[in-house]
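A.B. asks: A predicted structure for the sequence below; I have some questions about it.
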Amino acid sequence: GAVVSQHPSRVICKSGTSVKIECRSLDFQATTMFWYRQFPKQSLMLMATSNEGSKATYEQGVEKDKFLINHASLTLSTLTVTSAHPEDSSFYICSAKPREGGRARYTFGSGTRLTVV
Amino acid sequence: QKEVEQNSGPLSVPEGAIASLNCTYSDRGSQSFFWYRQYSGKSPELIMSIYSNGDKEDGRFTAQLNKASQYVSLLIRDSQPSDSATYLCAVSAGTASKLTFGTGTRLQVTL
């Protein structure tokens, strides 16, 4: 159980375009999903916390107008990288936690490798 | 000061040996502690979670937590080449809180 699907797994886009990444919890409901970014040979850095039905909470230094997050349902959160530039090229990973809370495990999606050319 | 610290490695151990991975954290309010394994180009995979002081064993893996020393470790017994990966320590302040990751320790298990 607790499967998180992330799509696409890999995307190449031109500079200035926008890219949408989807994160779905397949067999559980998630009121909270997390979006991370990982640059080569670095650790995961939390970008934002996505809350179902409300605005996302962004970490310091993350531009909310550039990285649009929508968490419209208990099973889907999307991250849109707007006007992408080469420096946005990174590995983006979502994570979700089952709604029932407690000591439930955070489950990660398979990640999206974004390359902006 | 980094919130979660790990030695970046690489830590090289021969096949069959015990690998010992260490992590320290700065937030005394931390309640949940996790070890993730990440293969190159892949997303993290949960190996162990621990919430109370002491040891927790699961197969070849043992997590150890010492809240007084703000220290958590992972032991891998009978290390296999397939264990070669980066091991990430993650800490959370509570059940609904975000995870803060360390930079990871790269483990190499040699034949």
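C.D. replies: Now that the structure is in, tell me what you want to look at.

A.B. asks: contacts and neighbour counts: CA atoms only from here.
C.D. replies: Noted.

A.B. asks: Please list the residues of chain B that sit near chain A.
C.D. replies: If contact is defined as C-alpha under 8 Å from any C-alpha of the partner chain, the residues of chain B in contact with chain A are B:42-46, B:88, B:95-96, B:98-104.

A.B. asks: Give me the buried subset of those.
C.D. replies: Buried members of these, counted by 16 or more other C-alpha atoms under 10 Å in any protein chain shown: B:43-46, B:88, B:95-96, B:98-104.

A.B. asks: In strands only, show me the residues you listed.
C.D. replies: Within these, residues falling in strands by DSSP state E are B:45-46, B:88, B:99-101.

A.B. asks: And these, which is closest to A:Thr80?
C.D. replies: Taking C-alpha to C-alpha as the measure, A:Thr80 lies nearest B:Leu99 of those, at 21.9 Å.

A.B. asks: Dig out what that closest one forms beta bridges with.
C.D. replies: Beta-bridge partners of B:Leu99, counted by DSSP bridges, are B:Ser92.

A.B. asks: which residues does residue 64 contact?
C.D. replies: This is for chain A. When contacts are counted by C-alpha atoms under 8 Å, 6 or more residues apart in numbering or on different chains, A:Lys64 touches A:Tyr58.

A.B. asks: hmm, I had chain B in mind actually
C.D. replies: Contact analysis of B:Gln64 by C-alpha under 8 Å, 6+ apart lists B:50, B:53-56, B:72-74.

A.B. asks: Max pairwise distance over these: which two?
C.D. replies: Greatest spacing in those, by C-alpha to C-alpha: B:Asn53 and B:Leu74 (13.4 Å).
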